[in-house]
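Asks: My questions concern the predicted model and sequence given below.
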Amino acid sequence: MGEKKLVIENVTKRFATPKGDAVVALENISAYVEKSEFVTIVGTSGCGKSTLLKIVAGLERPTSGRVLLDGRETRDPGADRGMVFQSYTLYPWLTVRENIAFGLRLKKVSKGEIDDIVRYYLDKVGLTGFDTYFPKALSGGMKQRVAIARAMANNPEILLLDEPFGALDAQTRALMQELLLQLMEETRMTVLFVTHDIDEAIFLGDVVYVMTARPGRIKEEIKVDVPHPRSPDIKMTPMFLDLKKKVVKLIREETIKAVQQSLPKGD
């Protein structure tokens, strides 16, 4: 077993409702991400995947439990966690270069070093020559590449991604998956990735956590023993298809449970 980079320890999250009662979004979740590991989280709609990621990011506080990064409890957002959302969240008044450099400038990195880092990531995400463009001139896939480059440029301890390819068309999404996997294989950055796409979760992940229907708990931890480097061809292999069948079955069980819970109770 490797070094635990991120530890999620007995995390529960309750939200108050206008009626004064509480909705339990997450219940007693414990999970971890090892250093340089790519961990994906899947589950039914509304199971709390994004809420869990926001707690790790420090954007939400757990009702109980805690999150440790490198052994230190995290309670607020910090530069040690890079976040990429489904919406591109770029600054429209800044160029591609300025967006990627934004966090580096806040950290008072020297201009020469910023230039080197921005140039490196522009090349890595295939946007060399687009550094002076503004976000409105970019396609959805290009905007998300800028968002990923901006998060990685700050060299965070862990990269957090919340369904980052959910708004993209299927072909662009597949290309973005390959790009992200290549970047992670090269940089060995630690990643926690939320998605509703089972193929995506298995293709990218070293470990897949499957969550239950609300209240969200960890239903199963699945190791993805598919060797690196990975190509899209692995999606057609028996090993990949067996893993997919297993995850589909687990999520189907939870989807049925969620539907049954939503039905009105008889007298």
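Replies: In hand now; what should we look at? Numbering: from 1, shown residues only.
Asks: how about the strands of this structure, start to end?
Replies: 4-16, 22-34, 38-42, 64-69, 72-73, 81-84, 158-162, 191-194, 207-211, 218-223 (DSSP state E).
Asks: how about those strands in TSV, adding distance to Pro135?
Replies: Every residue, glycine included, has its C-beta placed from N, CA and C. TSV is the format used below for the strands of the chain (distance: least, C-beta to C-beta, whole Å):
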stretch	distance to Pro135
strand 4-16	30
strand 22-34	30
strand 38-42	27
strand 64-69	30
strand 72-73	34
strand 81-84	15
strand 158-162	19
strand 191-194	23
strand 207-211	32
strand 218-223	37
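Asks: so which of the ones you listed comes closest to Lys124?
Replies: strand 158-162 (13.5 Å; C-beta to C-beta).
Asks: Could you tell me which residues make contact with the closest residue to Gly103 other than its chain neighbours?
Replies: Distances taken as C-beta to C-beta, 6 or more residues apart in numbering put Asn154 closest to Gly103, at 4.3 Å, once the chain neighbours are dropped. When contacts are counted by C-beta atoms under 8 Å, 6 or more residues apart in numbering, Asn154 is found next to Ala79, Gly82, Gly103, Leu104, Lys107.
Asks: if we can go back for a sec, closest one to Glu253 among the strands of the chain?
Replies: Of all the strands of the chain, it is strand 218-223 that lies closest to Glu253, at 8.2 Å by C-beta to C-beta.
Asks: Remind me what the closest one packs against, helices and strands.
Replies: For strand 218-223, the packing partners by 3 or more C-beta pairs under 8 Å, 6 or more residues apart in numbering; DSSP states H and E come out as strand 22-34, strand 207-211, helix 238-262.
Asks: Can you check what angle separates it from strand 207-211?
Replies: Using axes from the mean of the first three to the mean of the last three C-alpha atoms, to 10 degrees, the inter-axis angle of strand 218-223 relative to strand 207-211 is 160 degrees.
Asks: Restricting to C-alpha, output strand 218-223 in CSV.
Replies: Taking C-alpha atoms only, strand 218-223 is exported to CSV below (Å, rounded to 0.1, in the frame of the first residue of the first chain):
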residue,chain,number,x,y,z
ILE,A,218,-19.4,4.1,-0.1
LYS,A,219,-21.0,0.9,-1.5
GLU,A,220,-17.9,-0.6,-3.0
GLU,A,221,-14.3,0.1,-3.7
ILE,A,222,-13.1,-1.4,-7.0
LYS,A,223,-9.5,-1.6,-8.1
